[in-house]
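[1] Just need the structure, nothing else, for what follows:
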Amino acid sequence: MGSEGPKSVVIHVSGFKKFQGVAENPTETIVKNIKGFVEKKELPACLTLGSCTVLETAGDGARPALYKTMDSGVSTTDSTTNEQVVWLHLGVNSGALKFAIERQAINEATFRCPDEFGWQPQQLPIIAEDGGTSRAREVLTSCSTEAIHKILKKKGYDVAISDDAGRFVCNYVYYHSLRFAEEKGHKSLFVHVPLFSRVDEETQMRFVASLLEAIAATC
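    Next up is the predicted model:
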């Protein structure tokens, strides 16, 4: 009878370390500090903040670490309980002035510069067995991007819905995560944030706390 009653939501959060052109990645700071930040405010009873992981800004070379992180969430999920696991990935768009909820990831790795492990693929499928580089995995069946966007806009945040997560590491991680989430019955969402020089750290921390609440309310 575990399916009865309100669903408990566990959200695991990840960000990235530095990479070429971004010496200080805001998502590293956010992920390292989000537990302490949300402890100061009362989160919904149904929401639990799970692991907070900072990933290397790398593709294929960092893939084992990514899957180790996601596999850790499988053991926390009990099919007899009414629990939903959500993977929230944060990445930086250094040219952005607002937050962006990414609606999809594309099965293409075309890195504009080498990643932090020196890999620079060009027009390679991220997962070959998924087909060509035009294959997209959408978040629409995973989390309601429109509902999350509406909640955050009502709270006053400058946030948009995006259909292009780029072809760099953010898209690479998101594609793997969406595929993993589909296989495991989890949910996955990727959100791009600006640099702290464009949107200050306090505002971004508040935004991510609100984002957690919006995910719990809609997923």
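
[2] can you give me the strands in this structure?
    8-16, 47-55, 83-92, 99-102, 104-106, 136-138, 159-162, 187-193 (DSSP state E).

[3] Mind checking the ones you listed for the one nearest to residue 117?
    Judged by CB to CB, the one of those that comes nearest to residue 117 is strand 47-55, at 11.7 Å. All C-beta spots, glycine's among them, are computed from the backbone N, C-alpha and C.

[4] tell me which strands and helices that closest one is in contact with?
    Packed against strand 47-55 by the contact rule (3 or more CB pairs under 8 Å, 6 or more residues apart in numbering; DSSP states H and E) you find strand 8-16, helix 26-39, helix 63-74, helix 201-218.

[5] re earlier: now the weakest link among the strands of the chain, please, by mean pLDDT.
    Here those differ in mean pLDDT, and the lowest is strand 136-138 at a mean of 90.

[6] can you list contacts of that one?
    With CB atoms under 8 Å, 6 or more residues apart in numbering as the test, strand 136-138 has contacts from 103, 104, 105, 106, 107, 175, 178, 179, 182.

[7] Stretch 12-22 now?
    By CB under 8 Å, 6+ apart, the residues outside stretch 12-22 that reach it are 24-25, 27-28, 30-31, 34, 49-57, 69-70, 73, 85-92, 94, 113-116, 169-170, 173, 195, 208, 212.

[8] now do stretch 45-58
    With contact meaning CB under 8 Å, 6+ apart, stretch 45-58 is reached by 6-19, 25, 27-28, 31-32, 34-35, 38, 43, 62, 65-66, 69, 72-73, 76, 85, 115-117, 119, 169, 173, 212-213, 216.

[9] could you flag which of the residues you listed are buried?
    Buried by 16 or more other CB atoms under 10 Å: 9-17, 19, 25, 27-28, 31, 34, 38, 62, 66, 69, 73, 85, 115-116, 119, 169, 173, 212-213, 216, out of the contacts of stretch 45-58.

[10] Need the strands of the chain in TSV (columns: distance to residue 204).
    TSV is the format used below for these (distance: least, CB to CB, whole Å):
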stretch	distance to residue 204
strand 8-16	11
strand 47-55	15
strand 83-92	9
strand 99-102	8
strand 104-106	22
strand 136-138	26
strand 159-162	11
strand 187-193	6
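
[11] can you tell which of those strands is closest to residue 146?
    The minimum distance between residue 146 and the strands of the chain falls on strand 159-162, with 7.1 Å, by CB to CB.

[12] Parallel or antiparallel, which strands does that closest one pair with?
    Here strand 159-162 is paired, per DSSP bridges, with strand 99-102 (parallel).

[13] what's the offset of the strand it pairs with from the middle of its chain?
    10 Å (CA atoms, centre = their mean, to the nearest Å).

[14] before we move on, what about stretch 119-135?
    So, by CA atoms, centre = their mean, the centroid of stretch 119-135 is 20 Å from its chain's centroid.

[15] to the chain's geometric centre, what's the distance from stretch 152-168?
    Relative to its chain's centre, stretch 152-168 lies at 12 Å (CA atoms, centre = their mean).

[16] List the buried residues for it?
    Going by neighbour count (16+ other CB under 10 Å), the buried part of stretch 152-168 is 152, 157, 159, 162, 165, 166, 167, 168.

[17] List the residues that contact the first one.
    Counting by CB under 8 Å, 6+ apart, residue 152 touches 99, 159, 207, 210, 211, 214.
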